[in-house]
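> sequence and predicted structure are below.
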Amino acid sequence: MNRISRRLAVVLAAVLVFVGAAAGASAATVLHFGFQKVRSGLPSNVGHFKLTSTDLRANRPIPAPFWGCDDAGLSPQLSWRGAPAGTKSFAVTLFDPDAPTGSGFWHWQAWDIPASTTSLPTGAVLPAGAVNGTNDGGGTGYTGPCPPTGDITHRYQFTVVALSIPTLELPAGTSQAVVGYVIGHNALASATFTATAQQ
């Protein structure tokens, strides 16, 4: 082996040692994901009304009974007031914009909730005629927070949307994107309540 070949062999060995060490280190570290804005499905000029919860505190951690890591989480109590005249129905959603998916995570989409409704109880059974959609976990109805261990604090946005139509005329298995689009194009006003979760 000549001098150049020996030098190349030494360099190659050093590179392999470095790569192996880096791979081992990365396997032991928590992944860190970047951020991108998820475009809202609601027009910026819709009106606003008030949404509250007796189970949650705004911008505070969500209590354990409402988490979804074991698929047993309850939906929290929600109350709203001040929806505009002309409201024909409501939709209720729960969205995590911080989920490392590139498109957030829909935890809940429910629609065709009668206009006479002003609250949902803890562990809600929807009013007659309302539809529980498919969440991003593949189940039907509400699924609670379960952010990746070691990740940032996630925001969970509960939103009630007042709609100008009595029904979206969409089946429960409709994709979250289509449901969001139809809600946005028939929205009169919205109310949002944000809580957090981290583990």
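Cool, the structure landed.
> need the contact partners of stretch 161-169.
42, 47, 49, 83-84, 86-93, 111-112, 115, 131, 179, 182-183, 186-190 (Cβ atoms under 8 Å, 6 or more residues apart in numbering). For glycine as for every other residue, the C-beta is placed from the backbone atoms N, C-alpha and C.
> low-scoring stretches of the chain, by residue?
1-36 (pLDDT under 70).
> same thing but 90
Judged by pLDDT under 90, the chain has its weakly predicted residues at 1-41, 70-73.
> can you map out the strands along it?
Ranges of strands within the chain are 47-48, 50-52, 78-81, 89-96, 105-114, 119-120, 131-132, 154-163, 187-197, based on DSSP state E.
> what angle sits between the fifth one and strand 89-96?
This means strand 105-114. Following axes from the mean of the first three to the mean of the last three Cα atoms, to 10 degrees, one obtains 170 degrees for the angle between strand 105-114 and strand 89-96.
> distance from the chain centre to stretch 52-71, please.
The chain centre lies 13 Å from the centre of stretch 52-71; the measure is Cα atoms, centre = their mean, to the nearest Å.
> quick one, domains of this structure?
Residue ranges for each domain of the chain read 1-30, 47-197, as given by automatic domain parsing.
> all helices of the chain, in order?
3-27, 176-184 (DSSP state H).
> please pick the buried ones from the contacts of stretch 161-169.
Listed as buried from these are 42, 49, 83, 87, 89-93, 111-112, 131, 179, 182-183, 186-190; burial here means 16 or more other Cβ atoms under 10 Å.
> can you pull the contacts of the residue nearest to residue 129 when sequence neighbours are not counted?
Nearest in space to residue 129, with sequence neighbours left out and distances taken as Cβ to Cβ, 6 or more residues apart in numbering, is residue 112 at 5.8 Å. Contact analysis of residue 112 by Cβ under 8 Å, 6+ apart lists 89, 91, 129, 130, 131, 166, 167, 168.
> change it to 10 Å
Neighbour list for residue 112: 88-91, 126-132, 163, 165-170 [criterion: Cβ atoms under 10 Å, 6 or more residues apart in numbering].
> same deal with residue 155?
Residue 155 touches 59, 95, 96, 97, 98, 104, 145, 194, 195, 196, 197, counting by Cβ under 10 Å, 6+ apart.
> same question, residue 145
Taking Cβ under 10 Å, 6+ apart, one finds 61-62, 66-69, 73, 94, 96, 99, 105, 107, 154-156, 195-199 in contact with residue 145.
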